[in-house]
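Engineer: Structure for the following, please:
(2 chains)
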Amino acid sequence: MPATREERYDAQRIEQKWAERWLSDPSLYAAEANSTKPKYYVLEMLPYPSGALHMGHVRNYAIGDALARYMWMNGYNVLHPMGWDSFGLPAENAAIKNNTPPREWTLSNIAAMKVQMKRLGFAYDWSREVTTCLPEYYRWNQWFFLKLFESGLAYRKKSKVNWCPQCATVLANEQVVGGNCWRHEDTPVEQRELEQWFLRITKYADELLRDLEKLTGWPDKVRIMQQNWIGRSEGAQVDFDLGGTVGPAGSTITVFTTRVDTIYGATSVQLAPQHPIVEDMIARDAELRAKVEQLIAEQRKAREVGDIGNIEKHGVFTGRFAKNPYNGEAVPVWVANYILMDYGTGAIMSVPAHDERDFEFAKKYNLEIRLVILPQSSDPEETMAEPALPFTTMNGILVNSGEFSGLECEEAIQTMSSHAAEKGFGKATVTFRLKDWGISRQRYWGTPIPMVYCEKDGVVPVAEKDLPVILPDKVSVTLAGGSPLANVPEFLNTTCPKCGGPARRETDTMDTFVDSSWYFYRYADAQNSKAPFDTNTIAYWFPIDQYIGGVEHAILHLIYSRFWTKFMRDMGLVKHDEPVKRLFTQGMVIKDGAKMSKNLGNVVSPDEMVARYGADAARLYSLFAAPPDRDLDWQDTGIEGIHRFLGRVYRFYVRNPVDTAVERAETGQTPSLQAEARTIQRKLHQTIKRVSDDFQGRWHFNTCIAALMELLNEVSGAEEAIAAGRVPGSLILDVQRKIALLLAPMAPYVAHELWEMTGETGNLLKAAWPKYDPALAAEDEIEIPVQVNGKLRGRVVVPADATNDQVEQAALADEKVKAAIAGKQIVKKVVVPKKLVNIVVR
RNA sequence: GCCCGGAUGGCGAAACUGGCAGACGCACGGGACUUAAAAUCCCGGGUCCCUAACAGGACGUGACGGUUCGAUUCCGUCUCCGGGCACCA
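Structural biologist: Numbers count the residues shown, from 1 in each chain, chains lettered A, B, ... in the order given. This is a model prediction of the structure:
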């Protein structure tokens, strides 16, 4: 049947109409205060306001919005907010390029993106909008900083830090990816010695690791990544005595090892080139200094290439010996380029027989290789064979190890650590890979760190009552290096909060990950001017029931946020240990097999998609094209298909208008439906079940949209029966209303239009999610495949409640099955209820 | 090197607990409607063999092997792709 003009699905007209209605009612998506409903907090990661949404955002928010709307329809008090991660370097780059002040640039980007979000129909409670670059927000960053400082969790330290020459600022360890800057993938990070502010995240290292077990609603992948990042390692520290002081660093080398059981096999001590004792040694040995500097250079180079793992091992003997406290043996002390100063103690004992790296090094420099562990045989009587070296597993017995010989590795580690502690030359200890979080940035567009430097009183915190320390507007931004704020006298010069004398302000600003570490708390109490938020309000909304975002924040943002929550708990501000109950990481949106990028010219613009196919189609397609946790390969023809589907849905309503009077007329009757009508009714209830199950469980929106397509195919295939009056109007109306309801979370605009076409009014958020009737969803008859020797040979149709015997009889009676088993002996008959029959013959 | 994930038609994918592989959609081919086009509607389809056609048969979920009446699904070995960590002592 050809489509008429009135039947045309005009997405623009429909979406304009509903957008006007929705936008005129700001309370529509507002979370309720003092609600008796159960609460549900659904959160999507807030965007950086770059100026335009990309398809990745659309996908992220389409998932979150579908969930939020579904929960609303299921009677929850939903909190669904949005905000802007709006500090950061791009605003400064834009300022330099276009001569626009960062503030202006950022705020106009926010305005533009908000228009896009509203056009896409996302149901956000804008009264709770958080914009991190505004003083109303960042004053609380400063307030938290003061609290951290009071608690000793914020401290200042001079150290080697990661420096990105492109950003002209320092980076945290988490922001260095493979030796390069996380924002500039081709820019190697340099090491600079700077005085910096750090947050003591390591205080919570153990808890951050332990509580990962509680996060059962998080993807394993993310938990494992965090576990690796924290890098807890149990071992022992042991002191090796140099037999005399070299310099200020003393005469003891403390090594860290996870295999103290192998210490009788230690044949040298290896120091990191930057080790303080090495510095003492080279202070009066020019020759050694040259060699050590060479090792440092090699290390730096390898690090810059991101290849520290494959560095060619080099070392130099220092000419000195250190005493192994277990056996009193003096072993040579070396400096080696594969020893890292920033892990453990920067010194190791080298046991070539039982460590790959030590083995390789010993071979190269002809150091002694001494076997002290023999593999443990499963048969104790069996003589133990000499293993291939290096033998690194823990499945062994100690030999040549004095009083500890004969112990198994595991128990030897315990015994020998205790022994060291008793004798006072060592102890069992735990080392973490996680380092404290360096938050100073030598940039302008960030939260000013609220500290003051006074000649007399030193480092003094700004008084709480003087917050916020306002970021000045008139700043000339350059990437010359050094904080731009240092060139603003009005900002720089201040008075000491303690003595009132002249002082200067800290000119570094905070890492923007501080902003995102707690923004989701502010949503719950966004207008609070007395505190970052009210503790009781938080207790109601937290933890976040569902957080949705990209996996790229698995370590950075998500570990900082967990740390922030634990700190706030310890200061009594929140009552829970973890901020996020369930985490979902959606896949990337790619095109032609590659990440969308301007360079490749494969960027799909959401605006263009909305203009051409409508917001509903753009949203629905991003849910349909792939399960949400997988990457989505964008295909322009795919969204066309979805647009076509919405058109077919729309036409079904236009072509089959049901007078609502019909409903009333038919109520009270129990119509015995004819076969065609019954098929439609069954499909309807099956579809409600499938869509509901997908929302509850796996979030495979692609399959629930497929289910809706199947339902539509069913009813539009029955147009003849409908026209002939063989399908009751009440059933058609039921189908039409339920399709509108099922579509509402994913394609809200057209869902509302369809809802209205069935004579309903009111927002679908307030309509109840449909329920299915299992009896109506059930099949009367089912088709059972019949296999012979595991191969499909026939199909039989039996009543759904047929017994196994009946099914078996039907199967054996089937002509094709008969032919397949003719002349053969039946060995076994397998009948799986409602599934299949398999007849095994010989 | 270690740890996670993935591999199914021309393409995106489905098969949720071991039970008909390929739902749904895209692209494609054929047809209807139309003066024509667009839009819309209907039909077809994994590969190969056989057949005039109907029908029939064999093979098929990255590879090889195993368990099972039966394997995309479980086990073992391997290949390729993506991600994380990496002389972390």
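Engineer: can you list the residues of the stretch 401-550 of chain A near RNA strand B?
Structural biologist: For the stretch 401-550 of chain A, the residues in contact with RNA strand B (CB under 7 Å from any atom of the strand) are A:T431, A:R433. Where C-beta positions appear, they are placed from N, C-alpha and C, glycine not excepted.
Engineer: Nearest to RNA strand B: which residue in the stretch 401-550 of chain A?
Structural biologist: A:R433 (4.0 Å; CB to the nearest atom of the strand).
Engineer: neighbouring contacts of the helix or strand containing A:A362?
Structural biologist: Using DSSP states H and E, the element containing A:A362 is helix A:356-365. By CB atoms under 8 Å, 6 or more residues apart in numbering, the residues outside helix A:356-365 that reach it are A:267-268, A:270, A:313, A:315, A:317, A:334, A:336, A:338, A:348, A:350-353, A:367-369, A:389-390, A:392.
Engineer: and with 10 Å instead?
Structural biologist: With contact meaning CB atoms under 10 Å, 6 or more residues apart in numbering, helix A:356-365 is reached by A:262, A:265-268, A:270, A:312-317, A:332, A:334, A:336, A:338-339, A:348-353, A:355, A:367-370, A:389-392.
Engineer: Show me where the stretch 501-650 of chain A has its strands.
Structural biologist: In the stretch 501-650 of chain A, the strands defined using DSSP state E, counting those that start in this stretch lie at A:502-505, A:509-510, A:546-550, A:583-586, A:589-591, A:594-595, A:632-633.
Engineer: one step back: what is the rounded mean pLDDT of the helix holding A:A362?
Structural biologist: Taken as a whole, helix A:356-365 carries a mean pLDDT of 91.
Engineer: Can you list the buried residues in that helix?
Structural biologist: For helix A:356-365, the neighbour count (16 or more other CB atoms under 10 Å) marks A:R357, A:D358, A:F359, A:F361, A:A362, A:Y365 as buried.
Engineer: How about stretch A:271-290?
Structural biologist: Under 16+ other CB under 10 Å, the buried positions of stretch A:271-290 are A:271-282, A:288.
Engineer: Next: stretch A:85-101.
Structural biologist: For stretch A:85-101, using 16+ other CB under 10 Å, the buried residues are A:D85, A:S86, A:F87, A:G88, A:L89, A:P90, A:A91, A:E92, A:N93, A:A94, A:A95, A:P101.
Engineer: What distance do you get for A:L573 to RNA strand B?
Structural biologist: Distance, A:L573 to RNA strand B, by CB to the nearest atom of the strand, to the nearest Å: 30 Å.
Engineer: shouldn't that residue be in contact with A:T535?
Structural biologist: Yes - judged on CB atoms under 10 Å, A:L573 makes contact with A:T535 at a distance of 5.9 Å.
Engineer: So between these two, which is more surrounded?
Structural biologist: Between A:L573 and A:T535, A:L573 has the larger neighbour count (other CB atoms under 10 Å), namely 19 against 13.
Engineer: that older thread, among the strands of the stretch 501-650 of chain A, show me which one is buried the most.
Structural biologist: strand A:509-510 (a mean of 25; mean count of other CB atoms under 10 Å).
Engineer: now A:L583, nearest residue through space, not along the chain?
Structural biologist: Closest residue to A:L583 apart from its sequence neighbours, by CB to CB, 6 or more residues apart in numbering: A:W218 at 4.4 Å.
Engineer: ok, the one you found - contacts?
Structural biologist: A:L212, A:Q226, A:Y547, A:A554, A:L558, A:E578, A:V580, A:K581, A:R582, A:L583, A:F584, A:T585.
Engineer: how about CSV for these, with pLDDT added?
Structural biologist: CSV is the format used below for those (pLDDT from 0 to 100):
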residue, pLDDT
A:L212, 92
A:Q226, 93
A:Y547, 96
A:A554, 84
A:L558, 95
A:E578, 96
A:V580, 96
A:K581, 94
A:R582, 94
A:L583, 94
A:F584, 94
A:T585, 93
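Engineer: want to throw these into a markdown table with distance to A:A66?
Structural biologist: Listed next are these as a markdown table, based on distance: CB to CB, whole Å:
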| residue | distance to A:A66 |
| --- | --- |
| A:L212 | 28 |
| A:Q226 | 27 |
| A:Y547 | 15 |
| A:A554 | 23 |
| A:L558 | 22 |
| A:E578 | 25 |
| A:V580 | 19 |
| A:K581 | 19 |
| A:R582 | 15 |
| A:L583 | 17 |
| A:F584 | 12 |
| A:T585 | 16 |
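Engineer: which of those lies closest to RNA strand B?
Structural biologist: A:A554 (7.2 Å).
Engineer: where in chain A is pLDDT low?
Structural biologist: Along chain A, the model assigns pLDDT under 70 to residues A:1-6, A:178, A:303-309, A:377-385, A:480-481, A:660-671.
Engineer: Out of the buried residues of helix A:356-365, which are close to RNA strand B?
Structural biologist: Contacts with RNA strand B within those, counted by CB under 7 Å from any atom of the strand: A:R357.
Engineer: Determine which two of the buried residues of helix A:356-365 are furthest apart.
Structural biologist: Within the buried residues of helix A:356-365, A:R357 and A:Y365 form the most distant pair, 12.7 Å apart (CB to CB).
Engineer: List the residues that contact the residue in the stretch 451-600 of chain A that RNA strand B sits nearest to.
Structural biologist: Residue nearest to RNA strand B within the stretch 451-600 of chain A: A:I555 (6.1 Å; CB to the nearest atom of the strand). Shown in contact with A:I555 (CB under 10 Å, 6+ apart): A:N173, A:E174, A:Q175, A:V222, A:M225, A:Q226, A:N228, A:W229, A:I230.
Engineer: now do A:A539
Structural biologist: A:A524, A:V574, A:K575, A:H576 are the contacts of A:A539 under CB under 10 Å, 6+ apart.
Engineer: what's the closest non-adjacent residue to the residue of the stretch 401-550 of chain A closest to RNA strand B?
Structural biologist: A:G231 (2.5 Å).
Engineer: got a list of what the one you found touches?
Structural biologist: A:G231 sits next to A:A205, A:L209, A:Y343, A:T431, A:F432, A:R433, A:L434, A:K435 when contact means CB under 10 Å, 6+ apart.
Engineer: Show me those that map onto helices.
Structural biologist: Within the contacts of A:G231, residues falling in helices by DSSP state H are A:A205, A:L209.
Engineer: As TSV, the contacts of A:G231 with neighbour count would be great.
Structural biologist: Output for the contacts of A:G231, formatted as TSV (neighbours: other CB atoms under 10 Å):
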residue	neighbour count
A:A205	21
A:L209	18
A:Y343	16
A:T431	18
A:F432	18
A:R433	15
A:L434	21
A:K435	17
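Engineer: Out of the contacts of A:G231, name the two that are farthest from one another.
Structural biologist: Spatial extent of the contacts of A:G231 (CB to CB) is set by the pair A:L209 and A:Y343 at 16.8 Å.
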